[in-house]
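> Got a predicted structure plus its sequence, pasted below:
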Amino acid sequence: MKDNSTAKLLSLSEAAKELNVGRDTLNNLIKNGKIGFIILGLRKKIAQAELLRYIESETLHLVPDLTTTVTESIEYSNNVSLSFNSIDYFNELTGRG
């Protein structure tokens, strides 16, 4: 998306194209309150800044937080559970442990 200093309003077709989704998907995002819009006359418009806000809010960052210890348990059908410490596992994988 281009960075404009002025607020740019997009049609639903333009907004869908910017997000690389179909109109039905965009309408579902609007219906579910994930993307805001305004009404000008009889048409819905979406501010380009709103699309940027949505993208930022939905972006996942899969970086492990090494400041906390997370213990996970996996229970199998025979009631045997396996627990591991994610920090210890990371250290073992990276040769730090």
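Cool, the structure landed. Numbers count the residues shown, from 1 in each chain.

> Neighbours of Thr25, how many?
12 (other CB atoms under 10 Å). Glycine gets a C-beta too; all of them are placed from N, C-alpha and C.

> quick one: contacts for the closest residue to it other than its chain neighbours?
Distances taken as CB to CB, 6 or more residues apart in numbering put Ala16 closest to Thr25, at 7.2 Å, once the chain neighbours are dropped. By CB atoms under 8 Å, 6 or more residues apart in numbering, the residues touching Ala16 are Gly22, Arg23, Thr25, Leu26.

> neighbour-wise, which of those residues leads?
Ranked by the number of neighbours (other CB under 10 Å), the contacts of Ala16 place Leu26 first, at 23 neighbours.

> Checking my notes, it in a helix, right?
Yes. Assigned with DSSP: H, G, I helix; E, B strand; the rest coil, Leu26 falls within a helix.

> From here on, call the first residue 887.
In the new count, where the first residue is 887, that last one comes out as Leu912.

> Let me know the pLDDT of the nearest residue in space to it that is not next to it in sequence.
With CB to CB, 6+ apart as the criterion, Leu912 has its nearest non-adjacent residue at 4.3 Å, and that residue is Ala902. For Ala902, the pLDDT comes out at 97.

> my read is Ala902 is in a helix, agree?
Yes. Counting by three-state DSSP, Ala902 is located in a helix.

> And it, how far from Gly981?
47 Å (CB to CB, to the nearest Å).

> With Leu938 instead?
Applying CB to CB to Leu938 and Gly981 gives a distance of 40 Å.

> Of these two, give the one with the bigger neighbour count.
More neighbours surround Leu938 than the other of Leu938 and Gly981, with 13 against 6 (other CB under 10 Å).

> now the helices for the protein?
Here the chain has its helices, by DSSP state H, at 898-905, 909-917, 934-944, 972-980.

> Who are the packing partners of the third one?
Packed against helix 934-944 by the contact rule (3 or more CB pairs under 8 Å, 6 or more residues apart in numbering; DSSP states H and E) you find strand 895-896, helix 898-905.
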